[in-house]
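> pasting the structure only:
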């Protein structure tokens, strides 16, 4: 049975939600959860990875109108190297050889779908690709963020 989603009621979108690891409320009623895959698998230690988005779509081509959301969360895959069947690939997803183009296009899509005076939260882990390489791909500057550790949170604001 498919549940119809009222897109007009959603103020927040997570365009690469994965297993919603950092969400305190994994079913927040204001949030639309998207990912390009659906997966349930058990990790080597018995934990279960459950990727079950509301909408399956690619963050480089989002099926939403311009300026649809007040808050956009963009936490794309950040791994170039992970075994095809590894727990890292299952849990976080992986980037392909066109990762620069995909991240750039994904950021453009996120920018397109959030409203004027809206907010974009971008999360990046630089275990394999430094944040400075990512920032060169995007045409915006963050307001603030955490840049002290390998996982970075950056906040962007869209002015009129």
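Here it is on my side, so go on. Just so it is clear, the structure is predicted and the values come from calculations on it, not from any experiment. Numbering: from 1, shown residues only.
> in contact with the closest residue to residue 93 other than its chain neighbours, which residues?
Excluding the flanking residues, the one nearest residue 93 by CB to CB, 6 or more residues apart in numbering is residue 77, at 3.6 Å. Placement of C-beta: from N, CA and C, glycine included. Going by CB atoms under 8 Å, 6 or more residues apart in numbering, residue 77 touches 16, 92-95.
> and the furthest pair within those?
16 and 94 (12.1 Å; CB to CB).
> the two: which is more packed in?
Taking neighbours as other CB atoms under 10 Å, residue 16 and residue 94 compare with residue 16 leading, 23 against 18.
> can you give me the helices for this protein?
Under the criterion DSSP state H, the chain carries helices at the ranges 87-92, 99-113, 131-137.
> pipe those helices into JSON lines and attach distance to residue 29, mean pLDDT and mean neighbour count per row.
Converted to JSON lines, those look like this (distance: least, CB to CB, whole Å; pLDDT from 0 to 100; neighbours: other CB atoms under 10 Å):
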{"stretch": "helix 87-92", "distance to residue 29": "25", "mean pLDDT": "84", "mean neighbour count": "18"}
{"stretch": "helix 99-113", "distance to residue 29": "19", "mean pLDDT": "97", "mean neighbour count": "19"}
{"stretch": "helix 131-137", "distance to residue 29": "31", "mean pLDDT": "94", "mean neighbour count": "15"}
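> with distance to residue 125 added, can I get these in a markdown table?
A markdown table is the format used below for these (distance: least, CB to CB, whole Å):
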| stretch | distance to residue 125 |
| --- | --- |
| helix 87-92 | 8 |
| helix 99-113 | 13 |
| helix 131-137 | 9 |
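> out of those, nearest to residue 41?
Among these, helix 87-92 sits nearest to residue 41 (CB to CB), with 5.2 Å.
> contacts for the closest one?
With CB under 8 Å, 6+ apart as the test, helix 87-92 has contacts from 18-19, 21, 39, 41, 43-44, 49, 77-79, 82-83.
> which of the residues you listed sit farthest apart?
The two members of the contacts of helix 87-92 with the most space between them (CB to CB) are 44 and 78, at 20.8 Å.
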